[in-house]
Structure formats: structure tokens, C-alpha cells
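Give me coordinates for this.
(one chain, ligands or ions: 1)
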Amino acid sequence: MKDIIEGFLKFQREAFPKHAELFKDLATQQNPRALFISCSDSCLVPELVTQREPGDLFVIRNAGNIVPSYSPEPGGVSASVEYAVAALRVSDIVICGHSDCGAMTAIAACKCMDHMPAVGCAMRIPLALSTKHATTRTSTIMSSLWCART
Ligand SMILES: [Zn+2]
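Model (predicted):
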């Protein structure tokens, strides 16, 4: 935890002043060009791999970059997609997978998720689809990048 706190303090001291005007503008409005959906895996950092600045991407992250079927029932991913499209009017939606994704590997291998019931529940739909479309692994981050124009 100490390194995270030190990193935050370094951000406040060094990075924030360099982008002070940008953060000032972002405090009152945002206008991201793309919705970027990616895995929560620590190896994948959307702004880093796309070389974007703060405010460029509206990001959703979860285990396996899973987007459930749209439903009016409460759900963080559905609400975030709806907000990005309806309120922010993003022009692009990117779903970015990555190599050796634990979630996708579990789906492809039909691994038992009894010890992680919330993860297992989130993967029910992808598990059903995996019999048709899933591969056991993806090759590289960028080769597993799928884009859709809205
Ligand atoms: Zn992953």
C-alpha cells in the first residue's frame, strides 16, 4: 500500500501540474472519443497501450472484458455503455482482450467457478457463446483488438 500512496503523491506533485489545464477542463466536462472496454488484468492499461491522454477514453474494465446482454435491470457495464453512447456520444467502441486472459481461459476450458460464484455468474453468457466462438488464447494485445463503429 505504501508504494500506491507514494505514487499518488508523486502524481499530485509531478504529473498533475504538467496537465493542470487539461484536468481543470475535465473537472467540468468530458468529451471522450471512444468507449474502451478491457479486462481488469493489471497487465492491460488502456491509456498506456493506446497512448491516450486523460479525457480521451471512457473506460470500462472487468474480468474478461465481458459485456452482458443489454437489460434495463441494474448493471454497471450496461449503465456505462448506455451513458457513453447516449450522453457522451462516443464515436467508437473498442473491446480489447489480451493474451493469456485468465477469465477467457477459464471460459474456454469450462473451469469450475464454484469458489468464485460472482465471476462464474458474470461468465455465464460468454460461456454459452464460447462453444461457438471462443479460442483458448489470443496472441497479442493488439491482435485481439476488435473495433466497432457506432
Ligand atoms: Zn484478462
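
what about the closest residue to residue 61 other than its chain neighbours, distance to the ion?
Among residues not flanking residue 61 along the chain, residue 40 sits closest, at 4.8 Å (C-beta to C-beta, 6 or more residues apart in numbering). No exception for glycine: its C-beta is placed from N, CA and C like everyone else's. For residue 40, the distance to the ion (C-beta to the ion, to the nearest Å) stands at 7 Å.

Show me which residues of the protein are close to the ion?
Within the chain, the positions near the ion by C-beta under 5 Å from the ion are 39, 41, 101.

could you redo those residues as TSV and give each row distance to residue 26?
Below are the residues of the chain next to the ion laid out as TSV (distance: C-beta to C-beta, whole Å):
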residue	distance to residue 26
39	25
41	26
101	30
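
what's the closest of those residues to residue 60?
residue 39 (10.4 Å; C-beta to C-beta).

For that closest one, which residues are in contact?
Taking C-beta atoms under 8 Å, 6 or more residues apart in numbering, we find residue 39 in contact with 61, 62, 63, 64, 65, 96, 97, 98, 101, 103.

Name all residues that make contact with the fifth one.
The neighbourhood of residue 65, defined by C-beta under 8 Å, 6+ apart, consists of 37, 38, 39, 95, 96, 97, 101.

Relative to the helix or strand harbouring the first one, what are the paired strands and their orientations?
This points to residue 37. For residue 37, the element it lies in under DSSP states H and E is strand 34-39. Using DSSP bridges, the strands paired with strand 34-39 are strand 57-62 (parallel), strand 92-96 (parallel).

Buried residues, it. List them.
By neighbour count on 16 or more other C-beta atoms under 10 Å, the buried set for strand 34-39 is 34, 35, 36, 37, 38, 39.

quick one on the thing from earlier: taking the contacts of residue 65 together, which two end up most distant?
Maximum distance among the contacts of residue 65 (C-beta to C-beta): 13.0 Å, for 37 and 101.
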